[in-house]
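Undergrad: My questions concern the predicted model and sequence given below.
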Amino acid sequence: MSKSGENIQMDIYESGDEGAKLLPVSFEEWEERARKVLAAGPFGYVYGAAGAGDTHQANLDAFKKYQIRPRVCCDVSNRNLQVHLFGQSVPVPFLLAPIGVNSIFHSDAELAPAKVAADLGIPYILSNVSTLSLEKVAEVMGDALRWFQLYPPKDHELTKSLIQRAEAATVDFTLLGWREKDLRNAYLPFLSGEGMGNYFSDPVFRQKLDEPPEKNVKKASLKALEEGNNTCFTWKEVAFIREQTRLPLLIKGITHPEDAKLAVNHGVDGIIVSNHGGRQLDGAIATLDALPSVYEAVGREVPVLMDSGIRRGADIIKAIALGATAVLIGRPYIYGLAVAGESGVRQVIQNLIAETELQLAISGKSSIQKVDRSLVMKVRD
Ligand SMILES: Cc1cc2nc3c(=O)[nH]c(=O)nc-3n(C[C@H](O)[C@H](O)[C@H](O)COP(=O)(O)O)c2cc1C
Ligand SMILES: CCCCCCC(=O)C(=O)O
């Protein structure tokens with residue numbers, strides 16, 4: 001992929017009227033800048049987690065329990081970050097996670113991450129609750145790697161309609177988690193139609209309404225939310241979804257090895273170990289802690305991806321060493337979006353690529369494919 005650091009771009013200056021200003025570099029700096037530019041509601045929405053935030057914190061802490069044990073005297077002059085997923089090659093070992101309702105962070109909404117992902121050849125997983133419809137987002141992505149995340153609705157006809165393009169289903173969100181920041185801020189963007197791009201444009205959904213969503217946004221949004229509160233979703237529904245598409249189907253939100261086996265037995269093509277960034281079940285296991293047992297259970301049959309807590313190149317390498325084929329990036333790119341729109345997302349992603357490549361090289365590995373369990377040690381429980 002790159003030789004002697006050609007790929008390492010760290011364009012950390014942005015120009016403006018007052019001359020060159022420093023763009024953030026670390027995750028923490030992006031987060032702080034996002035805190036400054038966003039109102040309390042949207043910032044609390046992305047920053048916040050469920051309950052006391054214990055699972056969110058556990059996601060981050062889990063990465064500290066493992067340390068990289070580098071090899072030396074290895075030729076790392078040529079470096080390759082490529083991974084393979086479902087017959088396609090992806091230039092870096094990460095994807096952009098589905099994150100809903102991007103208009104609350106920046107007016108470019110989902111177009112910004114979609115364009116950056118398409119330019120860099122990275123898969124972008126469009127959220128079911130995106131502000132813009134998937135057709136609009138597909139338009140700017142062309143033939144790039146487009147994935148779609150589905151919150152399976154109660155209604156099968158609506159499920160089928162959405163599924164015609166669906167390639168990943170999230171199962172840890174049959175109900176909205178107890179989110180204290182959003183409760184305190186009385187903030188739920190969806191009631192004003194934000195994040196409803198895919199529902200409002202769906203012919204099956206529109207038929208369920210007695211008036212067009214544009215005429216009564218709140219009523220239509222409530223109807224969509226009611227569809228999404230799918231507490232009777234079971235493995236039978238997974239089988240139904242499997243029957244609807246021959247496209248690769250992944251389940252996002254698995255942390256238990258027995259669920260991973262059930263998913264594979266129901267014909268899914270991949271697993272995403274995720275706890276939704278600690279936003280759903282507070283007290284749940286950290287995903288890096290869950291990853292080894294899920295990998296052990298199904299990793300030889302299907303690719304196992306993971307997310308929740310990935311902030312730096314070192315985190316990516318640790319997750320890959322513990323069995324992940326690739327990881328998903330969540331909050332970091334949203335902070336980039338909030339701070340500087342498309343160029344903010346691009347900068348976050350480019351920094352992450354540069355850092356991952358450096359980390360890999362200094363670990364003594366010339367390619368992601370060479371990263372295995374022996375590269376990390378668990379140093380504490
Ligand atoms: C603001 C926000 C919105 C999200 N929206 C969705 C969504 O629409 N669908 C989904 O499957 N996951 C959603 N997630 C979860 C992410 O896909 C991902 O699992 C999570 O952000 C990973 O954790 P991290 O941000 O701590 O890395 C959302 C997360 C955030 C922060
Ligand atoms: C209540 C509507 C669904 C919101 C989904 C967005 C999401 O996944 C999140 O974590 O927030």
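TA: Happy to help now that I have it. Ligands and ions are numbered 1, 2, ... in the order given.

Undergrad: helix, strand or coil for the residue in the chain that ligand 2 sits nearest to?
TA: Ranking the residues of the chain by distance to ligand 2 (Cβ to the nearest ligand atom) places G100 first, at 3.8 Å. C-beta coordinates here come from the backbone N, C-alpha and C atoms, glycine included. In three-state terms, and counting by DSSP: H, G, I helix; E, B strand; the rest coil, G100 is coil.

Undergrad: wait, isn't it in contact with L126?
TA: No: contact criterion Cβ atoms under 8 Å: G100 and L126 do not qualify, at 9.5 Å.

Undergrad: Which residue of those two possesses the greater neighbour count?
TA: For G100 versus L126, neighbours defined as other Cβ atoms under 10 Å are more numerous around L126 (31 against 23).

Undergrad: residues from this structure in reach of ligand 1?
TA: Counting by Cβ under 6 Å from any ligand atom, the chain comes close to ligand 1 at 45-46, 97-100, 127-129, 149, 170, 252, 274, 276-277, 279, 307-310, 328, 330-331.

Undergrad: which stretch of helix or strand covers the residue of the chain positioned farthest from its centre?
TA: The C-alpha centroid of the chain is most remote from C73, which lies 35.4 Å away (Cα atoms, centre = their mean). Using DSSP states H and E, C73 maps to neither a helix nor a strand.

Undergrad: quick one: pLDDT of it?
TA: In this model, C73 is scored at 98, pLDDT.

Undergrad: how close does it get to G313?
TA: 22 Å (Cβ to Cβ, to the nearest Å).

Undergrad: Below-threshold pLDDT in the protein: ranges please.
TA: Across the chain, residues meeting the criterion (pLDDT under 70) sit at 1-21, 165-169.

Undergrad: residues in the stretch 201-350 of the chain within reach of ligand 2, list them.
TA: Counting by Cβ under 6 Å from any ligand atom, the stretch 201-350 of the chain sits next to ligand 2 at L225, G228, H276, R279.

Undergrad: right, and the last one touches G51 too?
TA: No: assessed by Cβ under 8 Å, R279 is found out of contact with G51, at 9.9 Å.

Undergrad: who touches both of those two?
TA: Residues within reach of R279 and of G51 at once, by Cβ atoms under 8 Å, 6 or more residues apart in numbering, are G177.

Undergrad: out of those two, which sits in the more crowded spot?
TA: Between R279 and G51, counted using other Cβ under 10 Å, the more crowded position is R279 (26 against 18).

Undergrad: what residues are up against that one?
TA: Shown in contact with R279 (Cβ under 8 Å, 6+ apart): G48, A49, A50, H56, G177, R179.

Undergrad: same deal with A112?
TA: The contact partners of A112, taken as Cβ under 8 Å, 6+ apart, are N102, H106, L337, G341, E342, G344, V345.
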